[in-house]
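*Asks:* only geometry, no sequence info:
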């Protein structure tokens, strides 16, 4: 089973308009509401690819109930911990001449609820996969990812970490199965600007030397570079297409990678191809890619 943890899931309220004017009244031409959060997105795309995945995390209030309802409506499996106070956040996404986002804060997570999540993690079995994705709420300890990986140390649970800065760097000692920075985040880790594939691969190797087994670096419209645990560098371009919505594209890449890895019996080239297919397909559509969307892009790749 694949589990995804989203500490601060959201309702994503997406509005579309031709032009957004700050300080003025703007009227939406179209609007939609989706369940959001990086781990939620990963699980939804895995579900679209018929890979069972269970969402873990925290929800609160009427917004939390709606996140769960929408996720279940999409066919996902949820085991969210319900908080007694507060509301799950609402994130506003404005799609106009540019993309603008206003992300809510989210509820406070008390220690007893955090321990309930730890108990869920303790119950994971050998062969399971855990995806830790995104930032953490200010109310949680900043070493929470480290605490989770420490609990899993010595067990055969594959851990995927999609995070930035020290949150990512500090878990390397626990040898995560996969980390997925983008090229800018990877450069920031080592205080440099990465311009070439060789420079990206060099910094990815530094992460691997620190403990990461596989390093998947997303490059936006230029595809992705994967430094595999076999020591090889895999590189693939994205197909050409119109960027419609970048939200969730990186999460879709993680889901596609895991789906490709599982379906191929661990073939890293196939995992990368599926990762780029899913990430690109989501970027080319209003929301997360469906199975047909991903198959269409997959057919365009070598």
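*Replies:* Right, received. Where do you want to start? Computed from a predicted model, the values in this text were never measured in an experiment.
*Asks:* packing partners for the helix or strand that contains residue 186?
*Replies:* Using DSSP states H and E, residue 186 maps to helix 183-189. Judged by 3 or more C-beta pairs under 8 Å, 6 or more residues apart in numbering; DSSP states H and E, the packing partners of helix 183-189 are helix 165-169, helix 197-210, strand 214-218. Using the backbone N, CA and C atoms, a C-beta is placed for each residue, glycine as well.
*Asks:* okay, these in TSV with mean neighbour count, mean pLDDT and distance to residue 73 next?
*Replies:* Output for the helices and strands packed on helix 183-189, formatted as TSV (neighbours: other C-beta atoms under 10 Å; pLDDT from 0 to 100; distance: least, C-beta to C-beta, whole Å):
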stretch	mean neighbour count	mean pLDDT	distance to residue 73
helix 165-169	16	88	31
helix 197-210	17	95	38
strand 214-218	26	96	29
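*Asks:* out of the ones you listed, which comes closest to residue 229?
*Replies:* Nearest to residue 229, of all those, is strand 214-218, at 5.3 Å by C-beta to C-beta.
*Asks:* contact partners of the helix or strand following that closest one?
*Replies:* Next in sequence after strand 214-218, counting helices and strands by DSSP H and E, comes strand 224-227. Contact partners of strand 224-227, identified using C-beta atoms under 8 Å, 6 or more residues apart in numbering, comprise 197, 200-201, 204-205, 207-208, 214-219, 233-236, 238, 253, 268, 271-272, 275-276, 279.
*Asks:* So for the helix or strand immediately after strand 224-227 in the chain, what gets flagged as buried?
*Replies:* Next along the chain after strand 224-227, taking DSSP H and E as the criterion, comes strand 233-236. Across strand 233-236, burial judged by 16 or more other C-beta atoms under 10 Å covers 234-236.
*Asks:* Kindly reformat those residues as TSV containing pLDDT.
*Replies:* Output for the buried residues of strand 233-236, formatted as TSV (pLDDT from 0 to 100):
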residue	pLDDT
234	97
235	97
236	94
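*Asks:* Among those, which one lies nearest to residue 178?
*Replies:* If you rank these by distance to residue 178 using C-beta to C-beta, residue 234 comes first, at 13.0 Å.
*Asks:* Could I get the pLDDT score of the residue lying closest to the closest one once chain neighbours are set aside?
*Replies:* Distances taken as C-beta to C-beta, 6 or more residues apart in numbering place residue 226 nearest to residue 234, at 4.2 Å, with adjacent residues excluded. Per-residue pLDDT puts residue 226 at 97.
*Asks:* Who is residue 226 paired with across the strands?
*Replies:* Here residue 226 sits in beta bridges with residue 216, residue 234, as judged by DSSP bridges.
*Asks:* can you count the residues close to it?
*Replies:* When neighbours are defined as other C-beta atoms under 10 Å, residue 226 has 24 of them.
*Asks:* Same check on residue 258?
*Replies:* By other C-beta under 10 Å, 28 other residues sit near residue 258.
*Asks:* likewise the one 10 residues further on?
*Replies:* Residue 268 has 20 neighbouring residues, counting by other C-beta under 10 Å.
*Asks:* contacting residues around it?
*Replies:* Contacts of residue 268 (C-beta under 8 Å, 6+ apart): 214, 226, 228-230, 232, 234, 261.
*Asks:* May I see the residues you listed organised as CSV, with distance to residue 154 added?
*Replies:* Output for the contacts of residue 268, formatted as CSV (distance: C-beta to C-beta, whole Å):
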residue, distance to residue 154
214, 20
226, 26
228, 23
229, 18
230, 23
232, 28
234, 29
261, 22
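*Asks:* Of these, which is the nearest to residue 57?
*Replies:* residue 261 (23.3 Å).
*Asks:* Which residue, other than its chain neighbours, is closest to the closest one?
*Replies:* residue 271 (4.0 Å).
*Asks:* ok so, going back, can you pull out the residues in contact with the helix holding residue 186?
*Replies:* Identification of contacts with helix 183-189 by C-beta under 8 Å, 6+ apart yields 164-165, 168-169, 181, 193-194, 200, 203-204, 207, 217-220.
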